[in-house]
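>>> give me coordinates for this.
(chains A and B)
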Protein chains: 2
Amino acid sequence: MTDPDKSVKVALLGCGTVGTQVARLLREQADDLTARVGAPVELVGIAVRRPNKHPQVPAELLTTDSAALVAGAADVVVEVIGGIEPARTLLLAALRAGKSVVTANKALLAEHGAELFAAADASGADLYFEAAVAGAIPLLRPLRESLAGDRITRVTGIVNGTTNFILSAMDATGAGYGETLEEASRLGYAEADPTADVDGFDAASKAAILASLAFHTRVTASDVHREGIASVSAADIAAAKILGRTVKLLALCERVTEPDGAEWVTVRVHPAMIPRSHPLASVGGAFNAVFVEADAAGQLMFYGQGAGGAPTASAVLGDLVAVARNKIAGGRGPRESAYAALPIRPMGQTPTRYHISLDVADRAGVLAQVAAVFAEHDVSIAAVRQEGRSVDASLVIVTHAAADAALRSTVDKIAGLPVVREVVSVMRVEGEGP
Amino acid sequence: MTDPDKSVKVALLGCGTVGTQVARLLREQADDLTARVGAPVELVGIAVRRPNKHPQVPAELLTTDSAALVAGAADVVVEVIGGIEPARTLLLAALRAGKSVVTANKALLAEHGAELFAAADASGADLYFEAAVAGAIPLLRPLRESLAGDRITRVTGIVNGTTNFILSAMDATGAGYGETLEEASRLGYAEADPTADVDGFDAASKAAILASLAFHTRVTASDVHREGIASVSAADIAAAKILGRTVKLLALCERVTEPDGAEWVTVRVHPAMIPRSHPLASVGGAFNAVFVEADAAGQLMFYGQGAGGAPTASAVLGDLVAVARNKIAGGRGPRESAYAALPIRPMGQTPTRYHISLDVADRAGVLAQVAAVFAEHDVSIAAVRQEGRSVDASLVIVTHAAADAALRSTVDKIAGLPVVREVVSVMRVEGEGP
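Got it, this is the predicted structure:
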């Protein structure tokens, strides 16, 4: 079944942590890849900025002219540069020339996915991007293919390792955000500039990609409501513990069905308290996991390493084998599936639940005043816990689901009540229970 | 992109728990399926034994002549009958006629997979079987495709819901096997004849399929060492607890690399003690989960419902969409990948670790006698725990890895020592730690 004359020629764009591993695996697993594809997979060039910085790869493969590499003999272009440009221009050129693309570039897909898919469609090329979300975890292929006969209602993911490392550490030590971030940087779990991770940009790109696939609807990063973890305090973590919960930065993709049958989607990234018994609660450190709920399949979870050179390279190689097989054996991978085109609603309309911890004056009637504010905003309370101390008292409230805007207004109004001394913690809760 | 003239015609063989759900989903999700496939998916007939027993499906679709249904207008045959015959004959006829097949039949694949793949290959038809292992969990597609560029070293699965329900209940209540099986039957978690589940036949078929895909090697059910859970006692569960472990029925597929580089595989199903901190330990009740270790990807876990009509139907539908897409858009799914053809070695040569709990005479020198037997068999001890009581004493030993046959001989010899009053529990341990 193997045809040595019909090799699949691969151009690699970028040779950082992931690219180096891709080049290594292509070399070390050459025989296995040939057997799996049905033809040799040949690396014909690696585009880098500084050729003298890459002693691990054969010098004769290195070039600084990425455009020429893409325009050359390659059948498949693998992109692991990251960022929007020059990746976008290079991949559009590849796809327009009928070359299939394998990319790990979440930001590019989340912002310009439609343009890339259109170019792939016009020329009949493949566009694969398993490595763009949750690194090594085979997640996009199951969503795009395995669950293609089911109706996905919700995707809840821990898709950023840096923030999960920080929140896991805060939960374990009780330390604050600032010092834990410093510790994470020191250990190499956070970048020198951690903005993309801690402010939720990275997770938002991944959420957009997941929602697009899950709901057959185009979702871009700008459609995603985004809140990072910089405002998560030791008090929030402590409040979660009292409720039997832990704080995670979640990427939430949800299909909402109105009583009249109308459907819309909402996509958001924010910290939330989840029950310690939830399968996602035990996902610690830099691991990723994605929880999927579908009508027929029920609850599924996918767990594994979300980043790192070798794990991400594994996902890239899996895609490369698929694309190469398609080239040799005929056939094409799945195209963009955006037929459902569900409306995307903003965060304010999204049903959420809040936890609110208050320091209040210890006097009769405080709960009545606070409860009146909830009632006024049509927000129903699920559980209340009051604890008196000498002068102050604490009041912990968990709500039922209500529109996020109504909850936000309720909190603002409560914060202004004279009997409320301090709003100690406000955070959304996800999952069952109070 | 949708072509209403080019419908994909589906014949359904079997209409039990899974078949009924497949028929329902095909009807209820017809519009979505049309959009995803690019053409309508039309159910043209359902083969059943007793047509009057299926009021939930349209009577005009029912037939008792399954051979004629397969030979008829169908493009795709979906088989959810189970068992070897008539499923084997019907699917071979379908594949030989160039009709693609989607099946949930683990026993058939584990015994006659090579024959089915050969027939599919000869005619260019597709053979998909996601539902055959771990129900709704998208697992085979990740193994066959996502990890196609990686080297899988080990697959450890909880792939049988009935036995997992029983072992979880025994762990929670401390009750024995017999009464827990009765309870499981009463609650509908065990069949009237539970043999296929509790004796590990079901798990062994699944292990054979998983090993074939993971190691690119033909593995049949008869290659799988199989031990069920009937001999797991309350004492075993209690002994596991003392070690911070829990007992699970595991399907283990392993690639062993000798110091000289020679490789072989071993596939086995047996109860084992795993650490409570292992991701598989918290998989409770009738859920399934599969833990995959690969060179580049690292550790991955897939979790979800392993059985039930709707979850299994979700997996069948996912395959059906893939097969139908291939028919409409061109292309073919992955073929059998058996190029590695690694030798399969028997259980006796497989490296395992044992836990042994003994009731021994409380006198000096007992440990020395027992330890001598281990040394004699070249088995190294990892941890020992001795507890004296008035006349008796207990001795708990966990070994390092050794060939299973050597461990087995060691236990036999120890059981015959005059100082050993009773062998309380013997069980293999998997995962890190003593």
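
>>> mind listing the strands for the stretch 201-350 of chain A?
Per DSSP state E, counting those that start in this stretch, the stretch 201-350 of chain A carries strands over the ranges A:225-226, A:245-257, A:263-275, A:287-294, A:298-305.

>>> which elements pack onto the shortest one?
Meaning strand A:225-226. Contacts defined by 3 or more C-beta pairs under 8 Å, 6 or more residues apart in numbering or on different chains; DSSP states H and E place strand A:225-226 against helix A:201-215, strand A:263-275. All C-beta spots, glycine's among them, are computed from the backbone N, C-alpha and C.

>>> hang on, the earlier thing: same list (the strands of the stretch 201-350 of chain A) but as a markdown table, adding mean pLDDT.
Output for the strands of the stretch 201-350 of chain A, formatted as a markdown table (pLDDT from 0 to 100):
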| stretch | mean pLDDT |
| --- | --- |
| strand A:225-226 | 98 |
| strand A:245-257 | 97 |
| strand A:263-275 | 97 |
| strand A:287-294 | 95 |
| strand A:298-305 | 94 |
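
>>> just send those back as a markdown table, with mean neighbour count too.
What follows is those, written out as a markdown table (neighbours: other C-beta atoms under 10 Å in any protein chain shown):
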| stretch | mean neighbour count |
| --- | --- |
| strand A:225-226 | 18 |
| strand A:245-257 | 23 |
| strand A:263-275 | 23 |
| strand A:287-294 | 24 |
| strand A:298-305 | 23 |
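
>>> residues from the stretch 301-434 of chain A in reach of chain B?
A:301-305, A:308, A:310-311, A:313-322, A:325-326, A:329-332, A:334-335, A:337, A:339-340 (C-beta under 8 Å from any C-beta of the partner chain).

>>> quick check on those: which are buried?
Among these, those classed as buried by 16 or more other C-beta atoms under 10 Å in any protein chain shown are A:301-305, A:308, A:310-311, A:313-322, A:325-326, A:329, A:331-332, A:334-335, A:337, A:340.

>>> contacting residues for residue A:80?
Counting by C-beta atoms under 8 Å, 6 or more residues apart in numbering or on different chains, residue A:80 makes contact with A:12-16, A:18-19, A:22, A:103-105, A:131, A:312, A:316.

>>> tally of neighbours for the closest residue to chain B within the stretch 101-250 of chain A?
Across the stretch 101-250 of chain A, no residue is closer to chain B than residue A:149, which sits at 2.3 Å (C-beta to the nearest C-beta). When neighbours are counted by other C-beta atoms under 10 Å in any protein chain shown, residue A:149 registers 29.

>>> now do residue A:114
14.

>>> which SSE is it in?
Secondary-structure element containing residue A:114, defined by DSSP states H and E: helix A:106-123.

>>> model confidence over whichever helix or strand comes after that helix, on average?
Using DSSP H and E, the next helix or strand after helix A:106-123 towards the C-terminus is strand A:127-128. The pLDDT scores in strand A:127-128 average 96.

>>> stretch A:46-55 now?
Averaging the model's pLDDT scores along stretch A:46-55 yields 93.

>>> quick one: residue A:171 and residue A:245 touch, right?
No: Residue A:171 is not in contact with residue A:245 according to C-beta atoms under 8 Å; the separation is 9.9 Å.

>>> run the chain-centre distance for the least confident helix or strand in chain A by mean pLDDT.
Sorted by mean pLDDT, DSSP states H and E, the helices and strands of chain A end with strand A:381-388, the least confident at a mean of 87. For strand A:381-388, the gap between its own C-alpha mean and the chain's C-alpha mean amounts to 34 Å (C-alpha atoms, centre = their mean, to the nearest Å).

>>> quick one: strands adjacent to it?
Using DSSP bridges, strand A:381-388 pairs in its sheet with strand A:392-399 (antiparallel).

>>> now the angle between strand A:263-275 and the partner strand, please.
With axes from the mean of the first three to the mean of the last three C-alpha atoms, to 10 degrees as the basis, strand A:392-399 and strand A:263-275 are set at 140 degrees to each other.

>>> residues making contact with strand A:392-399?
Residues contacting strand A:392-399 (C-beta under 8 Å, 6+ apart): A:239, A:242-243, A:353-362, A:366-367, A:370, A:374, A:379-387, A:407, A:421, A:424, A:429, A:434.
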